[in-house]
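[1] structure for the following, please:
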Amino acid sequence: MQKNPTTDEKKPKREGQIIKRGKERFLVRVYLYRDSNGKRIYYSAMIKGSKKDAEQHLIDYLQKKHSGTLKQRPSDKRLEEFALDYLINISNTRRRNKEIDIYKLKRYIIPHIGHLK
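    Sure thing, here's the model as predicted:
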């Protein structure tokens, strides 16, 4: 009895692509995130050399991405939005403390630094 490779074993999803772009040129592309408009953002690099060079570049980049040594994308949220969202939806403080914290945030912090990203 033979195994059906499509149902028994699924290959893991690839995280990056290597696309041939001419003689001894390869495009290395890795999906990063979606921006606030829903557009996909990719890391792209043109590698001159063999396909092995492109594969090595992809492996190195993915290792840096997973280890956290790459710079993260900046947030588009302002401090006001972030702090209110945290206090209302995420924080697990008691109701009275939460209301006091929201009042202090709106009264003292947001007028001065609430506009900062």
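
[2] can I assume Q56 sits in a helix?
    Yes. Under DSSP: H, G, I helix; E, B strand; the rest coil, Q56 sits within a helix.

[3] look up which helix or strand the residue nearest the centre of the chain falls in, please.
    Closest to where the C-alpha atoms of the chain average out (Cα atoms, centre = their mean) is Y33, at 4.6 Å. Following DSSP states H and E, one finds Y33 within strand 25-34.

[4] from the contact counts, what lies against that strand?
    In terms of contacts (3 or more Cβ pairs under 8 Å, 6 or more residues apart in numbering; DSSP states H and E), strand 25-34 is packed against strand 16-20, strand 40-48, helix 51-67. Heads up, the C-betas are built off the backbone N, CA and C, glycines and all.

[5] to H112, which of the ones you listed lies closest?
    strand 40-48 (32.4 Å; Cβ to Cβ).

[6] for the closest one, buried residues please.
    By neighbour count with 16 or more other Cβ atoms under 10 Å, strand 40-48 contains the buried residues I47.

[7] what mean pLDDT does the strand holding Y33 get?
    Here strand 25-34 scores 89 as its mean pLDDT.

[8] I'd like the numbering to begin with 5 instead of 1 from here.
    Fine by me, first position is 5 from now on; the one you just mentioned is strand 29-38.

[9] thank you kindly, that will do.
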